[in-house]
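# Turn this into a structure:
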Amino acid sequence: MIVLSLNFATLSSNIFIQQSAGSCSCKHSPRIFINVCRNVQICFCHGNSFTSSEELPAHAKVVICGGGVQGAALGYFLAQHGWGKDTLVLDQGKIGRATPWHMSGLIGIFKPTSTETRITEESIKLYGELAQMGYNTGFKQCGSLLLARTKDRLTHFRRMKSHAVCRKIECYLLTTEEISKRYPYINTQDLQGGLWIPIDAVADPHTICESLATLAAAQGVRMFEHIQVNRVLTSQNKVAAVETDRGTIKCDFFVNCAGFWARSLGKKTQPLVKVPVQAVEHYYLHTKPIKDLDPNMPVIRDLDGHVYFREKDGCILAGGFEPLAKPVFEDGALPLSVEESQLEVDWDHFSPMLEQMVHRVPFMQTAVLGKLCNGPESFSPDCKWVLGETSEVDNYFVATGMKSLGIASAGGVAKHLSEWIVTGKQPYPLNELNVQRFVPLHNNRQFLLERMKEVPGVHYQLPYPFSEFRTGRRLRVSPVFPRLKAAGAVFGQTMGYERPAYYEPKPYQDSDVDDDLTTHPAGGIGQNVEAPFRVAYTNTFMKPHWFECVRNEYRACRESVAIADYSSFTKLDLTSNGPEVVDFLQYVCSNDVDVPIGAILHTGMHNENGGYESDCSLARLSDNHYMMIAPIIQQTRCQAWLRRQQQKFFGGTSSSVNVADVTSLYTALCVMGPLSRAVLSELTEADLSPKSFPFFTVKEMDMGSASGIRAMNLTHTGEMGWVLYIPNEAALHVYDKILEHGRKYAIQHAGYYATRSLRVERFYAYWGQDIDASTTPLECGRGFRVKLNSPIDFIGREALLKQKKEGVQRMYVQFQLDDHDPEIDPWPWGNEPIYRNGEFAGMVTTAGYGFTLNRQVCLGYIQNYDVTGTVHRLTPDYVTSGQYEVDIAGLRYNARVSLRSPTLPTKFRETYGDHYVATRHGGGT
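Numbering: from 1, shown residues only. This is a model prediction of the structure:
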């Protein structure tokens, strides 16, 4: 028997209610309770608690660990799919266990990613519906006011407002005068303006949890309190059962909604499941009731002051996201209950936020303190939610790392995950939120403790382009890392890997640096001073400080010769004893992989809808050996996807094809530019002429005194050159030889920003930025790479054939901005709206300055909307016949559209082969 304790007001009329007299597990007899279904009762004896006298079932389809609002919402949506009687919610404490004092209830629609925004929209919709049904939710769309202290913050607000058109979010820029008139209690003396968002809301997570749990229980979901989940048992990398302190439950799916306990629970699974979250101290200040406080007072977010305010029950609830946070439970010992997790208040730590609160809302000086709460809240290493199916274990899902704002995500996340679990397909890609974006180092406790000092402050930090963390650095580096530092590299980090972003003039003399760390002119004296490690930054939305540095690197790539570190690429070796690897790759790849030995091909790997699960290059090294090169963000995700596809293709076993991650075994150096052949020819006896070593081919060769180097004739930028995959033990030798022989050709180093500019100008799409699991090759101009005219079957073939017949509803295009002045105008950085003939038509995905075209270049998708918002079939003629503008922070700039990669002028022209066109709509080979 499950007994629920709630108020009569929380019950919807569509639930059958039978009033009875009797006793319940509360031992308060006789009392009144309500039967809502078999073995489920709602008890009115005392307090809110879910209890169960029922024996733990032997089997369930889904077991959810965590009875907070996320677990309750997931149980509710699974019940909506008809899985209620096959779903269990387990909690080591009480369902809806969080103390009402330690939750803000803020629901802000604007999020760092479009996926988070979409999820939040779905949460708002759910809570609004519950409130309309009469359920107790505390849901109130009071709106929110974001305040700007700096011009850059106001520019960001303008960008938010222009971006809002794509989600149809209503918002308004306010002057300081308008803010003072509307909200006279706000100190506006140091403000530049604000952004008013009417749709934003507040809610009561505690009562929403209870309401969702009630609805879930009424549809058969069983909830068990005071039960400890010990570990998840697996069989053949798939969830098999959940072991608890009250017995073992066989199950098909497991969902980890355990909050800051999620990482610890993941570690108890075999194989270990990475759930990289760490708790930090998080404060909530409650005042006593304040006279005449407007109950519809908006949420006030003073982002530059790191604090927020809201009205709650006639009081002020305030909190913040401090720039320097305090991780908790540093020894790894976690409390066993919410009650035990409450932390001692550190007034010295909280006082800077209190000062900002009093500064912004002066009446706080006379407010009477009700309570200051300090409790743990979990954050991920990149300050984004952690969602989805894990890479290690099939059917093991997670939903955690909600950074104290779980109420904003709970409804939308539950809707998404429930559909994924029931249908086996994601309703839309999670992209930056997917748990598979991490590698093992992200789950390292020492890394998490260091990173978490910085993460909470990112939540209110200005989202400048290419933002970087300063903690948890220098963990994954190539062997040439010290040399690159000494050459002036300024580093960005991706998947924990240090990658030169750009090179600045060295703030030291070569002779000051140790011989072991860099080369310097003969006669220089090493002083055992290590070259400094510098982190890249772009603290502006305008022309960046690194512009000239990147221009010089770009010119070297196009006009002479440059060397770039590509070591962060994901590198996989795929082999088999027989032809199994060829058959398998034909099944998962849309391009024909049965190419001659030594050939390289670009290919997509697609889902059943034709969307890109991965985008990679394959080099055929022998009959049954391929090397795959993919973006570093694919390192975990791609391997998990390949493993699961092998199980399907080979009938439950994945042993026929060996997939080896060799990312950390090879250093990748790209030598590119018209003089690259001249430099490399001095280091090898191999013939590098176009006839002997053509474009898109690979050879194993010697370089200098090193052997076993996989040299590939491509650069991923459209420029002439080679990528050398060098065994790590030989990397320093080869690097030094390239620099030594390249000196007479004026070789330069080039960073990621320069190669990125090259690929944007060449109209190259990049997975994770321009294409994802919802994008098909027909939409992004890569239909020429797909073997639709071949009888060979592959995943997504039927969907692509259908789309080819019916036509696409969006197209990937390139824009050149005509009237943009890079010196004084705000720059496009991505996520800018595109207008066709004055009407919204799409969004920019990637933007960069084209140094050959001498203008801003934007890549993105356009669609054909009618007046009702319905999307129609798109044709190349429709695309090219429109007049386009790109909106940057509220200013529209004329844009010229293109459907094919441009041919850029060059000082040197190769005499072999056709110019490679990476993006081409409308056919062609």
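
# give the contact list for Glu454.
Counting by Cβ atoms under 8 Å, 6 or more residues apart in numbering, Glu454 touches Pro323, Leu324, Ala325, Phe469, Arg470, Thr471. Backbone N, C-alpha and C define where each C-beta goes, glycine included.

# closest to Leu448 among those?
Comparing the contacts of Glu454 against Leu448 with Cβ to Cβ places Thr471 closest, at 10.2 Å.

# residue boundaries of the helices in the stretch 351-500 of the chain?
Using DSSP state H, counting those that start in this stretch, the helices found in the stretch 351-500 of the chain span residues 406-423, 445-451, 455-458, 481-486.

# Kindly state the pLDDT recorded for Ile407?
Predicted confidence (pLDDT) for Ile407: 95.

# I'd like to know how many residues surround it.
Residue neighbour count, defined by other Cβ atoms under 10 Å, stands at 31 for Ile407.

# ok, now how distant is it from Arg473?
Plainly put, Ile407 is 33 Å away from Arg473 if you go by Cβ to Cβ, to the nearest Å.

# now do Lys168
Distance from Lys168 to Arg473, by Cβ to Cβ: 40 Å.

# Neighbour count: these two, which is higher?
Arg473 (17 against 10).

# so who does the more buried one touch?
Shown in contact with Arg473 (Cβ under 8 Å, 6+ apart): Phe491, Gln493, Glu498, Phe533, Val535.

# Tell me which of the helices of the stretch 351-500 of the chain is the most buried.
Mean neighbour count, computed with mean count of other Cβ atoms under 10 Å, is highest for helix 406-423 among these, reaching a mean of 25.

# helices or strands next to that helix in the packing?
Under the contact criterion of 3 or more Cβ pairs under 8 Å, 6 or more residues apart in numbering; DSSP states H and E, helix 406-423 touches helix 69-80, strand 106-107, helix 114-132, helix 205-218, strand 247-256, strand 386-389, strand 396-400.

# got these as TSV, with distance to Val422, mean pLDDT and mean neighbour count columns?
Listed next are the helices and strands packed on helix 406-423 as TSV, based on distance: least, Cβ to Cβ, whole Å; pLDDT from 0 to 100; neighbours: other Cβ atoms under 10 Å:
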stretch	distance to Val422	mean pLDDT	mean neighbour count
helix 69-80	7	97	28
strand 106-107	26	97	23
helix 114-132	16	95	20
helix 205-218	15	95	26
strand 247-256	9	98	21
strand 386-389	13	98	24
strand 396-400	12	98	27
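
# So which of the contacts of Glu454 wins on neighbours?
Going by other Cβ under 10 Å, Ala325 tops the contacts of Glu454 with 21 neighbours.

# I figured it hits Glu450, correct?
No: if you go by Cβ atoms under 8 Å, Ala325 and Glu450 don't touch, sitting 11.4 Å apart.

# Let me have the helices and strands packed on helix 406-423 in a markdown table, extended by distance to Arg153.
Output for those, formatted as a markdown table (distance: least, Cβ to Cβ, whole Å):
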| stretch | distance to Arg153 |
| --- | --- |
| helix 69-80 | 31 |
| strand 106-107 | 19 |
| helix 114-132 | 19 |
| helix 205-218 | 29 |
| strand 247-256 | 36 |
| strand 386-389 | 28 |
| strand 396-400 | 30 |
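
# just checking, Leu317 is part of a strand?
Yes: counting by DSSP: H, G, I helix; E, B strand; the rest coil, Leu317 falls inside a strand.

# what is it paired to in the beta sheet?
Bridge pairing for Leu317 (DSSP bridges) gives the partners His286, Arg310.

# And for Asn658?
Using DSSP bridges, the beta-bridge partners of Asn658 come out as Thr575.

# contacting residues around it?
So Asn658 contacts Asp573, Leu574, Thr575, Ser576 (Cβ under 8 Å, 6+ apart).

# Since that was my last question, I'll sign off now.
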